[in-house]
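> how would this look folded up:
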Amino acid sequence: MAAQGLPSCLQLLEHWSANWTAFLLFRSLKEIRMEILYKILSFIFISIVIQFSIATVLILFGKGKKPTLDECRLAFNELFFDYTNLPQLQTFSARDGKPLAYRHYPAQSDKVIILIHGSGWHSRYFLPLAEFISSEGLAQVYTPDLRGHGPTPERRGDVDYIDQLEDDLADLVAIIRKDHPSALLIVGGHSSGAGLVIRFAGSRYGKQADAYMLLSPYLKYNAPTIRPNSGWAHAYTGRIAGLAILNTMGIHWFDYLTAIEFNMPEKARDGTETLSYSHRLNIAYAPRNYKKDLRAITQPLWVVAGTADKANIADQFEPVISQYTAVQVKLLPDVTHMGVVVSPEIRPAVEEWLKDIGE
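Predicted coordinates for the structure are as follows:
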């Protein structure tokens, strides 16, 4: 029996040894996995801390040098004209229940055009163009004061979230469509307002318009169409970069911070101007990606610019925009950035295009 028990003991020992080896191997693999996981988590944590630290420094100290008032090259004196016939502001309710202001220029026409104002100002300066369009029966015109703008905004220079301006525009479009269900609807804008229109065109709302009209549109700070050193806008470049880092991390806590200031001449100010924007309003007012947004446009697109524009390089619009979508570009000789809205030269060009559109 002793001879028979010996193999059993050896087998038991071998079995125990194998189990112990397997246990040690399992524990070793588990420890290795835990160590790898720890290193990955540590790397992620350190990366987040580094990014957050960089973002914090940029946000706190990334304002840059502010230009002096005499550096602004835009002709604001062209906006000094008689506003006696300016229509009264009306309001519509946006999806959040807030009243937003607009002006309406009625006309006996089967066309409706919405005109979006540029940065720092509000819808008032569209008066001569909108009055001409309506009085000639070319189209009804709606000129909204964007959220954060106008004589008495709830919070000047700010919105609640980055996409809110295009949501507001979609709400206005819905109301106009309800009142004029068979009208040909054109969405247009000037300068940064045209940038918002491009953003709208590239959004989920883009097909709600039947055509687009862009007056000296803003595409991007480094687009080939931009003329450097216009002296109009002072962007907090570092802060914008820092907030963009946080936004990519899903953090929007500091989007209320000022990201850009506007260098409006003192003589052009009357208390209704908006001289700075929060980060979220600044982002909301520009295309997400002008190349992608332009590619989304399949409707008729008309772009107008003046050759004396000090903010944009007029002859760059056609070669740049035509890379991404079909476009008709009109250049007005010796017309300025403001003149493309208020000068007499814009009117026959708009009249010709509006008569042709939809025919």
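> So for this structure, the centremost residue is which one?
By Cα atoms, centre = their mean, the chain has its centre lying nearest to A286, at 2.7 Å.
> how about that residue, secondary structure?
Per DSSP: H, G, I helix; E, B strand; the rest coil, the local secondary structure of A286 is coil.
> and it, backbone torsions?
Main-chain dihedrals, A286, degrees, to the nearest 10: phi -130, psi 160.
> Need the nearest residue in space to it, chain neighbours excluded.
G195 (4.6 Å; Cβ to Cβ, 6 or more residues apart in numbering). For every residue, glycine as well, the C-beta is placed using N, CA and C.
> For that neighbour, the count of nearby residues, please.
As a burial measure, G195 scores 25 neighbours (other Cβ atoms under 10 Å).
> Which element is encountered next along the chain beyond the helix or strand hosting it?
Secondary structure from DSSP states H and E places G195 in helix 192-201. Using DSSP H and E, the helix or strand that directly follows helix 192-201 along the chain is strand 211-215.
> can you list the residues that contact that next one?
Residues outside strand 211-215 that contact it (Cβ atoms under 8 Å, 6 or more residues apart in numbering) are 113, 184-191, 194, 197-198, 201, 297, 299-305, 340-341, 346, 350, 353, 357-358.
> Report the angle between it and helix 192-201.
Strand 211-215 and helix 192-201 are oriented at 150 degrees to each other (axes from the mean of the first three to the mean of the last three Cα atoms, to 10 degrees).
> Okay, now the sheet partners of strand 211-215, with direction.
Strand pairing for strand 211-215, using DSSP bridges, gives strand 184-190 (parallel), strand 301-306 (parallel).
> name the helices or strands packed onto the next helix or strand along the chain from it?
As assigned by DSSP H and E, the chain's next helix or strand after strand 211-215 is strand 233-235. In terms of contacts (3 or more Cβ pairs under 8 Å, 6 or more residues apart in numbering; DSSP states H and E), strand 233-235 is packed against strand 258-262.
> on that earlier part again, just the buried ones from the contacts of strand 211-215, in PyMOL syntax?
The buried subset of the contacts of strand 211-215, as determined by 16 or more other Cβ atoms under 10 Å, is captured in PyMOL by this line:
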select buried, resi 113+184+185+186+187+188+189+190+191+194+197+198+201+297+299+300+301+302+303+304+305+340+341+346+350+353+357
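> and L89, how many residues sit next to it?
Neighbours of L89 (other Cβ under 10 Å): 19.
> typed the wrong thing, it's R95
Neighbour count for R95, taken as other Cβ under 10 Å: 11.
> secondary structure class for it?
coil.
> Read off the pLDDT value for it.
With respect to pLDDT, R95 has a value of 97.
> what about it, distance to Y161?
12 Å (Cβ to Cβ, to the nearest Å).
> Show me what counts as buried in the host helix or strand of K178.
Assigned by DSSP H and E, K178 falls within helix 164-179. For helix 164-179, the neighbour count (16+ other Cβ under 10 Å) marks Q164, L165, E166, D167, D168, L169, A170, D171, L172, V173, I176 as buried.
> which one of those sits closest to L257?
Q164 (16.6 Å; Cβ to Cβ).
> I figured that closest one was touching R147, is that so?
Yes. Using Cβ atoms under 8 Å, Q164 is in contact with R147, at 6.3 Å.
> quick one on the thing from earlier: for the residue nearest to the centre of the chain, list the residues it contacts.
Contacts of A286 by Cβ under 8 Å, 6+ apart are S192, G195, L196, R199, Y218, K220.
> can you check S191 too?
Applying Cβ under 8 Å, 6+ apart, the residues contacting S191 are G118, S119, L215, S216, P217, Y218, A311, H337.
> Roughly how far does the third one sit from G193?
Look at L215 and G193: by Cβ to Cβ, they are 8 Å apart.
> what do you get for the fifth one?
Remark: distance between P217 and G193 (Cβ to Cβ) = 8 Å.
> Make sure I260 is actually in contact with R239.
No. Here I260 lies out of contact with R239, judged by Cβ under 8 Å, at a distance of 9.3 Å.
> Please enumerate the shared neighbours of these two.
With Cβ under 8 Å, 6+ apart as the test, I260 and R239 reach no residue in common.
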